[in-house]
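Asker: predicted model follows, preceded by the sequence.
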Amino acid sequence: MVVDKSICSGALASPANEGALISKVTLGNPAETGALRIDHQSEDIEYAAKVKKAFAADLDETTWSAVRHFMTPDTPIQPFGIPLAHTPEGWGSKRRLYVRCTEDFAVRPALQDFFIEEADALTPGNPTTVVSLPSGHMPFLSCTAEVAEVLAQFAAGEVCGSE
């Protein structure tokens with residue numbers, strides 16, 4: 001079985017991503033710009049607040065101020081639009097870990113659940129290990145110790161809280 005899906009085939013705009021702020025902070029039309037264009041350096045107070053909430057609502061202002069300078073304003077959409085061939089024998093044979101971010105306003109929890117369900121439907125005998133963290137889109141910055149512990153446990157083959 002080959003999965004022929006892409007993230008830009010409607011997932012980000014689907015009802016499962018209701019409440020996400022991506023569409024409210026994307027500048028221009030991605031079909032025309034070829035990118036998800038987001039101005040992380042904007043001086044517009046309302047817009048900047050939406051960007052922070054979308055990607056880093058749980059980061060303090062000092063950390064966010066430093067991090068946003070490393071973010072690219074244009075994320076090319078072409079790679080997200082290319083259907084990929086996932087097979088149970090290839091990708092599906094590998095152990096998988098999904099860190100589910102319960103406070104993510106870029107990819108809402110319901111859409112994350114959809115991604116997990118799609119992966120598990122392809123490989124019902126090899127379910128995804130799921131760990132939920134009370135974090136926004138950047139748990140590696142807001143929950144650093146927790147993410148490190150989850151990754152260490154997963155790498156060691158230990159059960160790390162699959163839901």
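Answerer: All right, it came through fine.
Asker: how does this protein divide into domains?
Answerer: What automatic domain parsing lists as the domains of the chain is 15-81, 91-155.
Asker: winner for burial among these?
Answerer: Greatest average neighbour count among these goes to domain 91-155 (a mean of 17), per mean count of other Cβ atoms under 10 Å. All C-beta spots, glycine's among them, are computed from the backbone N, C-alpha and C.
Asker: sorry, back to before: okay, the domains of the chain in a markdown table with mean pLDDT next?
Answerer: Below are the domains of the chain laid out as a markdown table (pLDDT from 0 to 100):
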| stretch | mean pLDDT |
| --- | --- |
| domain 15-81 | 92 |
| domain 91-155 | 94 |
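Asker: kindly format the C-alpha coordinates of the lengthiest helix in the chain as PDB.
Answerer: For the chain, the helix with the greatest residue count under DSSP state H is helix 109-122. Provided in PDB are the C-alpha atoms of helix 109-122 (Å, rounded to 0.1, in the frame of the first residue of the first chain):
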ATOM      1  CA  PRO A 109      -4.100  18.500  18.500                       C
ATOM      2  CA  ALA A 110      -7.000  17.100  16.400                       C
ATOM      3  CA  LEU A 111      -4.900  17.400  13.300                       C
ATOM      4  CA  GLN A 112      -1.900  15.900  15.100                       C
ATOM      5  CA  ASP A 113      -4.200  13.000  16.000                       C
ATOM      6  CA  PHE A 114      -5.200  12.700  12.400                       C
ATOM      7  CA  PHE A 115      -1.600  12.400  11.300                       C
ATOM      8  CA  ILE A 116      -1.000   9.700  14.000                       C
ATOM      9  CA  GLU A 117      -4.100   7.800  12.900                       C
ATOM     10  CA  GLU A 118      -3.100   7.900   9.300                       C
ATOM     11  CA  ALA A 119       0.400   6.500  10.100                       C
ATOM     12  CA  ASP A 120      -1.200   3.800  12.300                       C
ATOM     13  CA  ALA A 121      -3.700   2.800   9.600                       C
ATOM     14  CA  LEU A 122      -0.800   2.100   7.300                       C
END
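Asker: the helix or strand just after that helix pairs with which strands, and in what direction?
Answerer: Heading C-terminal from helix 109-122, the first helix or strand you meet, by DSSP states H and E, is strand 129-133. If you go by DSSP bridges, strand 129-133 pairs up with strand 97-101 (parallel).
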